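Visitor: need a structure here:
(one chain, ligands or ions: 2)
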Amino acid sequence: MFFDIIKNRIEQKNRTSKYPKKEIELPKNYRGLPKINTNCSIEIVEKCADVCPQDAINIENKTIDLRKCTFCGLCEKVSNGKFVTFTRNFEMASTKSEKLILNGEVENLKVSTNKSFKKMFGRSLQLRVVSAGGCNACEADINVLNTPFYDLSRFGIQFVASPRHADGLLITGPVTKNMEYALKKAYKDIPDPKIIIASGSCALSGGPFRNNIEQINGVENILKVDLFVPGCPPHPLTLLSAILDFFGIK
Ligand code: SF4
Ligand code: SF4
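Guide: Ligands and ions are numbered 1, 2, ... in the order given. Presented below is the predicted three-dimensional model:
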């Protein structure tokens, strides 16, 4: 029995990915950064806007608001790829909320890395995760980063239990009224300078809970956000690449 376990472990070899040195293979049906064809007819964009459950498509400007988008793929389906196609690019976070209203490329986070953040947190970063409502799928995918495959700690990044031990907050959920006070308190308890990362459609815009009276349509309405990570939930690679780029860890 004991030797079987050892043999099994040897056969498994090293399971930790080599990312970012080596790309990770994404699932076949993965939907990444949408590519928008602004030359398509208004009628097609209207059709897409009609089916969009998130009200994320602006017909006049032919844009998709990645803060609201849940990557359901309906717009690609009804437009037969004429208005939007989903690429396999998982790098889609931004330091500016309005840049996530897409009609072209998102910014290159490597360019926008804050030099002082890189100096302060590039070798050691402690984050407190706060689930401010939502459906918990975002938290499940954040937990994936702690598995042996991603092994977040090899980058010097750790999730900590107390805001007093943290350099910043990683927030998911639309911020329910019940969580608003706790979130503000966690923010206050983190020593300066501190970073705020909002992850997932809920944290960026309220997501599927948008305009519900029990929540406040995202973190930005109460705190200044430094990094916005779209998705519902964001793929672990989207979040990881955003953090590595933002803090110049890659
Ligand atoms: S993929 Fe996004 S923009 Fe397209 S229909 Fe779904 S929620 Fe709307
Ligand atoms: S963004 Fe989507 S996956 Fe994340 S908490 Fe909201 S509904 Fe759930």
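Visitor: all contacts plus neighbour counts: C-alpha atoms, from now on.
Guide: Fine.
Visitor: any idea how far the residue nearest to residue 176 when sequence neighbours are not counted lies from residue 234?
Guide: Nearest non-adjacent residue to residue 176, counting by Cα to Cα, 6 or more residues apart in numbering: residue 215, 3.9 Å away. Going from residue 215 to residue 234 by Cα to Cα, to the nearest Å gives 20 Å.
Visitor: the two: who's more crowded?
Guide: A direct count of neighbours by other Cα atoms under 10 Å for residue 215 and residue 234 places residue 234 higher, at 25 against 22.
Visitor: distance of the more buried one relative to residue 38?
Guide: Applying Cα to Cα to residue 234 and residue 38 gives a distance of 25 Å.
Visitor: what does residue 189 give?
Guide: Plainly put, residue 189 is 46 Å away from residue 38 if you go by Cα to Cα.
Visitor: can you check residue 77 too?
Guide: The spacing between residue 77 and residue 38, counted by Cα to Cα, is 17 Å.
Visitor: correct me if wrong: residue 101 contacts residue 68.
Guide: No: using Cα atoms under 8 Å, residue 101 is not in contact with residue 68, being 9.3 Å away.
Visitor: neighbour count winner among those two?
Guide: Just comparing residue 101 and residue 68: by other Cα under 10 Å the higher neighbour count belongs to residue 68, 27 against 20.
Visitor: which SS state does that one fall under?
Guide: Of the three states, residue 68 takes coil according to DSSP: H, G, I helix; E, B strand; the rest coil.
Visitor: ok, now which ones touch it?
Guide: Contacts for residue 68 (Cα atoms under 8 Å, 6 or more residues apart in numbering) come out as 54-56, 201-202, 204-207.
Visitor: what about residue 159, how many neighbours?
Guide: Neighbour count of residue 159, defined by other Cα under 10 Å: 20.
Visitor: one more: residue 85?
Guide: There are 20 residues near residue 85, going by other Cα under 10 Å.
Visitor: could you do residue 217 as well?
Guide: A count of nearby residues for residue 217, using other Cα under 10 Å, gives 25.
Visitor: correct me, but it touches residue 204?
Guide: Yes: counting by Cα under 8 Å, residue 204 is a contact partner of residue 217 at 7.5 Å.
Visitor: quote the end-to-end distance of stretch 220-232.
Guide: Start-to-end span of stretch 220-232 (Cα to Cα) is 17 Å.
Visitor: my bad, should have said stretch 88-98
Guide: Length of stretch 88-98, first residue to last, Cα to Cα: 22 Å.
Visitor: which residues does that stretch contact?
Guide: With contacts defined as Cα under 8 Å, 6+ apart, stretch 88-98 is touched by 26, 30-33, 67, 100, 106-107, 109, 112, 226-230, 235, 237-239, 241-242.
Visitor: one more time with 7 Å, if that's ok
Guide: By Cα atoms under 7 Å, 6 or more residues apart in numbering, the residues outside stretch 88-98 that reach it are 30-33, 100, 106-107, 109, 226-230, 237-238, 241-242.
Visitor: return the alpha-carbon coordinates of the helix or strand bottoming out on mean pLDDT in the chain using PDB.
Guide: The weakest-scoring helix or strand in the chain, judged by mean pLDDT, DSSP states H and E, is helix 115-121 (a mean of 80). The C-alpha trace of helix 115-121 is given here as PDB (Å, rounded to 0.1, in the frame of the first residue of the first chain):
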ATOM      1  CA  LYS A 115       6.800  51.100 -10.700                       C
ATOM      2  CA  SER A 116       6.300  51.800  -7.000                       C
ATOM      3  CA  PHE A 117       3.900  48.800  -6.700                       C
ATOM      4  CA  LYS A 118       6.500  46.600  -8.400                       C
ATOM      5  CA  LYS A 119       9.200  47.800  -6.000                       C
ATOM      6  CA  MET A 120       7.000  47.400  -2.900                       C
ATOM      7  CA  PHE A 121       5.000  44.200  -3.800                       C
END
